[in-house]
Structure formats: structure tokens, C-alpha cells
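In: Got a predicted model here, sequence first, then my questions.
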Amino acid sequence: MELAVIISFILVILGTLVFFFSRYKRCPSDKILVVYGKTGGGRSSKCIHGGATFIMPLIQASEWLDLTPIPIEIKLEGALSKQNIRVNTPSTFTVGISTEKGTMENAAERLLGQNLAQIQELARDIIFGQMRVVIATMDIESINTDRDLLIEKITNGVEVELTKVGLRLINVNVQDITDESGYIQALGKEAAARAVNEAKVSVAERERDGEIGKANAEREQRVQVSGAQATAVEGENLAKIKVAQSDAQRREQEAEAERLATAAEKVKTAQALEEAYASEQAAERARAERERASQHADIVVPAEIEKAKIETLAEADAEKTRRLRKGEADGNFSIMDAEARGTLAALQSKAQGFSDIVGAAGGADEATLLLVTEQLPQLVEEQVKAIANLKIDSVTVWDSGKGEGGKNDTANFVSGLVGALPPLHELTKNVGIELPEFLGKLTENPSKAAKLLDSAKRKAPETQPKKVRDFAELRGPVASQGKSPDKSLPNIKSKQSDDDSIVRSWLTENLEAISTFDENRDNRIDESELQTAVDLALKWGEYAKNDDTGWYYLDGSNTIGPVLWNEVQVNLRAKPDSFVTRKGAKHWLPGEVVVLAMGS
């Protein structure tokens, strides 16, 4: 059972292969294979000559067009010429299906399925019509005498029409041309009579030319004989003269040869002596040159080598000095450039801070009041130092209970002691500062001032004045960008988590190191910008723990990378203040804070 299934399967496969092989058509050279059906490209058929193609089952079929030449006998009678004379022009035409692109498609569209007899009949009708058109444009003389012109015109007219149905004209053979009126026969008789007369004239002319030629030949014979005899005598005389001249030239040349031989001997002797002297001179020059080369090698060459050595060492020392000086200059420049940038950043931050203070305070006077108020603790501290070093073990006051102004003697003593302290205005004047009048004036009535002070102490301030509170909130991030950063940012510490507290504290104390995170360009690092820097530092810390690649660090003015974190750590040990970044990042962070983030 299994064997039968296998045999059936093999037979099915073989049958399928045979079927597909049968659909592969090869086109011989004397036929055109026309494939029709679904041919693609908007064509009605595909024509193949001298090749092969696969005929798709169901959607394509094929037929053949025979390229065998088709002879056609055209017995054209009574065709009108240009002179309205009817002419009989029997001809033989040979046509066939064309293999040119475009024309083959025309044949496939118009001749497919027709036999050779049908194609012959179609071509005969086309040729009959075109021959009548051609003969109507020519006169009898041109038709009868200029057969090439007649065939050319017939070919041009017929081939255009045959191309439209896919045929081509292979050969044209025009036979004897006749006419019903006998005009062509009369032209033949006229031509024959003219030819006979021309032949008779030609014969007479040839006989005349023969007699004249005979007489000229006899005259030329006599002249040639006499001339030959005279030439012979002249030749004999010239030969004798040439013999005499030859003898004279022989003797002259013999004498000249003797003279030249004697002179040549003397010249050769002189040349031999000259060459000997020249050889001796050359030998002396060679010896002198050898001595010169020896002296040059022993004296000049060592001196030049020593000179080159000295020059090379001098240039090396000079180059070393130049590079050292250049390195020192570059180092000094880098230090000075860094200090200048730091000073510029501090001054810009300070100027921006003052501008923000003036804006927040509502004016320059209010800002001045806030700044001076901030410095009051230091001013009071300086004032207290006036009596700080006085060593008073005890003070005994005998008070009788009555005093001036309704106060006892103890109160008067304390007031006097306080009055002995340098007043605030006096203290600031001593250091060159004159306080504005809105901070108060010196009064001549200390007791009144003491009352005002007691009254102010009894009033417990419930809240801080709004302007002062706003200034305290403002001063934190602004001052932190200067040389003396505020160690605490208001309303930020409450939002810190345990994980990022170390990183946040470090960045809070070094806000100038993350100035690039100032996205809104207000010269301040607010909480969102600080949080962005903290998050980025913690993220980079995770990358650093895994020794991830893609790190860049600054080495002077050069950016080094991408490298592994181990290489960055080596650089940080040598330069702890180096900045680092990651591939594709737009910010730089101090390497120190990334190290802190690794331990968070």
C-alpha cells in the first residue's frame, strides 16, 4: 500500500513536470511565437523571435506566425500614367512577415490565424493600389527608361502600407512595360533608327582616323630612324670624351690620395703625442683630486660632523627651553583664565543678587534698609567689643530710692553705662560709613530713648516683616552662587529624601558648579533645577557602579572620551575638581558629586 502511494506521488510529480515542460515554448528562426492572454504592460500580445518563453497555464496561449517569403504576381494592366496613357506593368513582388519590433505586433494583431494564401491575397490588394498611385505620378519616358526610379517609388509606397499589417517588402521585379497606344514601341523604333545612324557615322569616323594614323605613323618612323642615327654618332663622340675625362680624373685622384696619405701620417703622429700628454695631465689631475678627497675626509668631514652635532644640541636645548616656557605660559594662562572666569561669575552672581534684592524690596531705599538691617548684628557686635575686655568683678550701687526724673539711682547708673558705649552712628562714621537718617538720629534725651527701647521690647513680634522674609528667601539661592554660599536653601531641605541627601547637600554648597542647569537663565538655581541635577547625579552614579563606558572628562581644555569609569576615576585622583559628562548628555557635573552618588 505504501509502495503504491509512493509510486502515485512520483507519477503525479512527473506528470506535473511534463506538463510544465510542455508549456515551455522554443521559437525557431523561421517563425514568430505569439503569446496572448495576460501578457502585462497593457499589451495585447507578446512576440518572440529566436528565443523561448514559458506559457502560463490557463491565463496564456500561443500561436505561430510563418516567416516564409510569399511571391506575388502582379499583372497590372491599363494603369494611367502622368500623360494619361494606359500602361501595362507586370511585376513580381516578394513579401514576408517582418521581425522588427512594433511591426511584429502589427502582424500578430492582423495576421494571426491566417494562412499564406490569405496573407498573399491581402498583400496583392495593397500592392495593386500603391502601383497605380506610383505610375500616375510618372511619365512614359521615366517609366520605360528609369527602372531604378520606378522600383524605388514602388518600394517606398508599398512598404509603408505593408508595415501597417506587419509585412515587409523583400524584392521587386518589374517585367516588360507596354502600352495600348504603341507609344513605347514607337519610342523603341526611334531609338533603334537613331542608333543605326550613329553607328554609320562612327564607322566613317573610325576609317578616317585609321588613314590619318597610318600617315602619321610612317612620318614618325622616318623621323625616329634619322634621330636614332644622329644619336648613335653623338653617343660615340661622348663616349670618347668621357674616356679622356675619366683618365684625367684617375690621375688627379691618385695624386690627391698620395697627398692625403702623407698628411694623415703626420696628423696621426701629432694626435698620438697630444693624447699621451692629455693622459699624463689627466693622471695628475686624478692624483690631485685623490689628495684633495683624502684631506677633505680627514679634516673637513670631522669638522662638519662636530659642527652639526653642536648645532643639533643647541637647537634641542633651545626647543626644550621654548616648550618649557610655552608650557609654563599655557599653565599660567589656564590658571588666570579660570580665576578670571570665577571672579566674573561671582561678580555677575553678586550683581544679579543685588538686582533681585532691589526688585524684591520694591526700590533702592528699601533694599538699602534690608542690607543695613542684615548687618546690624555685626555692627552691634563691634559696638559691644568696646567694653568686652573690661574686667569688672562686681559693681556696688548705693541706692537711696530717689533720683531725678522719677527713677532711682540704679536705673540712672545703667542708663549712664549704656550711654557710655559708642553710639551706632559714631561707630559707622569711624569706619567711613554714614548711615541714612531713616536708621535714626542721635538724640539728646537718653531717657526718652530708653523708654522707647523698653516699649519695643515689650512688643513680641508675631511674624517677621514681609519684605525681610522675602529677602531671606531670595538671598539663599542668590548668595549661594557667590563666594559665600548660604548653607541652607529655604523650603528645599524639607523635600530631600534619605537617598539623595548627601548629593543634594553637596550641590547646595556648590551651586556655582551646576550653573548649566539654570534652564530659565535667571542666574539662580531654583528647586526644580537643583532636583534635576540631583537626579542626574544619582543616575550617573548607578552607571559608574557598573563601570559603564561612554564617559567624557575635561583634561585642561581638552575633552577626553569616550572611556570607562575606571579611567575617569584615575583622572579624578589626580584632578579632583574635574568635570564629567555622558555621551549624548547636555550637562556636565563635577566628578566628585558622581563619586558621592555612587555611595548613596
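Out: Received it, and whenever you're ready, just let me know what you need. Residues are numbered from 1 along each chain as shown.
In: the domain parsing of this structure - what is it?
Out: 20-67, 68-181 (automatic domain parsing).
In: nearest to I357, of those domains?
Out: With C-beta to C-beta, the closest approach to I357 among the domains of the chain belongs to domain 20-67: 83.3 Å. C-betas here are computed from N, CA, C, even on glycine.
In: What average pLDDT does the closest one get?
Out: Average pLDDT, domain 20-67: 83.
In: tell me the centre residue of the chain?
Out: Taking C-alpha atoms, centre = their mean, the centroid of the chain lies closest to G584, which sits 24.8 Å from it.
In: Downstream of the helix or strand bottoming out on mean pLDDT in the chain, the next helix or strand is which one?
Out: Every helix and strand of the chain was ranked by mean pLDDT, DSSP states H and E. The lowest is helix 466-479, at a mean of 32. Later in the chain than helix 466-479, the nearest helix or strand by DSSP states H and E is helix 501-509.
In: Give the rounded mean pLDDT of the helix or strand containing V223.
Out: In this structure, V223 sits in helix 183-295 according to DSSP H and E. Taken as a whole, helix 183-295 has a mean pLDDT of 85.
In: Number the chain from 59, please
Out: Shifting the count to begin at 59 puts that one at helix 241-353.
In: Export the domains of the chain to TSV and append columns for distance to E362 and mean neighbour count.
Out: Shown next, in TSV, are these (distance: least, C-beta to C-beta, whole Å; neighbours: other C-beta atoms under 10 Å):
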stretch	distance to E362	mean neighbour count
domain 78-125	84	14
domain 126-239	84	16
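In: Which residues does N231 form beta bridges with?
Out: With DSSP bridges as the criterion, N231 is bridged to T150.
In: So it sits against S149, correct?
Out: Yes. Using C-beta atoms under 8 Å, N231 is in contact with S149, at 6.3 Å.
In: hey, where'd the strands end up in the stretch 59-208 of the chain?
Out: Along the stretch 59-208 of the chain, the stretches classed as strands by DSSP state E, counting those that start in this stretch are 82-84, 89-95, 103-106, 110-112, 118-124, 128-138, 144-155.
In: mind checking which of those strands is nearest E312?
Out: Each of these was scored for nearness to E312 using C-beta to C-beta, and the closest is strand 144-155 (89.4 Å).
In: The closest one - contacts with which helices or strands?
Out: Helices and strands touching strand 144-155, by 3 or more C-beta pairs under 8 Å, 6 or more residues apart in numbering; DSSP states H and E, are strand 128-138, helix 174-193, helix 198-203, helix 205-222, strand 225-232, strand 236-237.
In: now with 7 Å?
Out: For strand 144-155, the elements it packs on are strand 128-138, helix 174-193, strand 225-232, strand 236-237, judged by 3 or more C-beta pairs under 7 Å, 6 or more residues apart in numbering; DSSP states H and E.
In: The last one pairs with which strands?
Out: In the sheet, strand 236-237 lines up against strand 144-155 (antiparallel) (DSSP bridges).
In: all strands of the stretch 559-658 of the chain, in order?
Out: Assigned by DSSP E, counting those that start in this stretch, the stretch 559-658 of the chain shows strands spanning 609-613, 616-621, 637-640, 647-648.
In: Which of those strands sits closest to A286?
Out: Short answer: strand 616-621, nearest of the strands of the stretch 559-658 of the chain by C-beta to C-beta, at 113.5 Å.
In: and that closest one, which strands flank it?
Out: Strand 616-621 has the following sheet partners, assigned by DSSP bridges: strand 609-613 (antiparallel).
In: thinking again about what came up before, could I get the helices and strands packed on strand 144-155 in CSV, plus columns for distance to D605 and mean pLDDT?
Out: Below are these laid out as CSV (distance: least, C-beta to C-beta, whole Å; pLDDT from 0 to 100):
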stretch, distance to D605, mean pLDDT
strand 128-138, 91, 88
helix 174-193, 89, 89
strand 225-232, 83, 89
strand 236-237, 113, 82
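In: picking that back up, quick one: which of the strands of the stretch 559-658 of the chain is nearest G268?
Out: The closest of the strands of the stretch 559-658 of the chain to G268 is strand 616-621. By C-beta to C-beta, the value is 115.3 Å.
In: Okay, buried residues for the closest one please.
Out: Of the residues in strand 616-621, 618-619, 621 count as buried by neighbour count, 16 or more other C-beta atoms under 10 Å.
In: now do stretch 339-348
Out: Under the neighbour-count criterion of 16+ other C-beta under 10 Å, stretch 339-348 has nothing buried.
In: how far does that stretch sit from the chain's center?
Out: The chain centre lies 66 Å from the centre of stretch 339-348; the measure is C-alpha atoms, centre = their mean, to the nearest Å.
In: Keeping just the C-alphas, turn that stretch into CSV.
Out: Extracted C-alpha coordinates of stretch 339-348, given in CSV (Å, rounded to 0.1, in the frame of the first residue of the first chain):
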residue,chain,number,x,y,z
GLN,A,339,97.6,65.6,-17.5
ALA,A,340,94.5,63.6,-16.5
ALA,A,341,96.5,61.3,-14.3
GLU,A,342,98.0,64.3,-12.5
ARG,A,343,94.5,65.8,-12.0
ALA,A,344,93.2,62.5,-10.7
ARG,A,345,96.1,62.3,-8.3
ALA,A,346,95.4,65.9,-7.1
GLU,A,347,91.7,65.1,-6.7
ARG,A,348,92.5,62.0,-4.7
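In: can I get the domains of the chain in CSV with distance to A602?
Out: Output for these, formatted as CSV (distance: least, C-beta to C-beta, whole Å):
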stretch, distance to A602
domain 78-125, 64
domain 126-239, 73
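In: Quick one: closest of these to D635.
Out: It's domain 78-125; of the domains of the chain, that one is closest to D635 (C-beta to C-beta) at 74.6 Å.
In: Ends of the closest one, what's the gap?
Out: From its first residue to its last, domain 78-125 covers 27 Å (C-alpha to C-alpha, to the nearest Å).
In: again, but for stretch 627-644
Out: End-to-end distance for stretch 627-644, by C-alpha to C-alpha: 21 Å.
In: could the strands of the stretch 559-658 of the chain be laid out in CSV, adding distance to G109 and mean pLDDT?
Out: Converted to CSV, the strands of the stretch 559-658 of the chain look like this (distance: least, C-beta to C-beta, whole Å; pLDDT from 0 to 100):
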stretch, distance to G109, mean pLDDT
strand 609-613, 65, 90
strand 616-621, 60, 90
strand 637-640, 65, 94
strand 647-648, 73, 94
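In: Among these, which comes closest to I583?
Out: Nearest of these to I583, taken as C-beta to C-beta: strand 647-648 at 13.3 Å.
In: what helices or strands is that closest one leaning on?
Out: helix 585-603, strand 637-640.
In: Quick one, which of these gets closest to R562.
Out: Nearest of those (C-beta to C-beta): helix 585-603, 5.2 Å.
In: Give me the distance between the closest one and the centre of its chain.
Out: Helix 585-603 sits 40 Å away from the centroid of its parent chain (C-alpha atoms, centre = their mean).
In: what stretches of the stretch 509-658 of the chain score poorly on pLDDT?
Out: Low-confidence segments of the stretch 509-658 of the chain (pLDDT under 70): 509-557, 658.
In: Mind doing that once more with 80?
Out: 509-558, 605-606, 614-615, 657-658 (pLDDT under 80).
In: ok, now the stretch 359-508 of the chain?
Out: Along the stretch 359-508 of the chain, the model assigns pLDDT under 80 to residues 383, 385-390, 392-401, 403-409, 411-412, 414-416, 418-508.
In: circling back: so can I have JSON lines of the helices and strands packed on strand 144-155 showing distance to R317?
Out: Below are the helices and strands packed on strand 144-155 laid out as JSON lines (distance: least, C-beta to C-beta, whole Å):
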{"stretch": "strand 128-138", "distance to R317": "97"}
{"stretch": "helix 174-193", "distance to R317": "95"}
{"stretch": "strand 225-232", "distance to R317": "89"}
{"stretch": "strand 236-237", "distance to R317": "99"}
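In: Would you mind telling me which of the ones you listed is nearest A322?
Out: Between A322 and the helices and strands packed on strand 144-155, the tightest spacing by C-beta to C-beta is seen for strand 225-232, at 86.8 Å.
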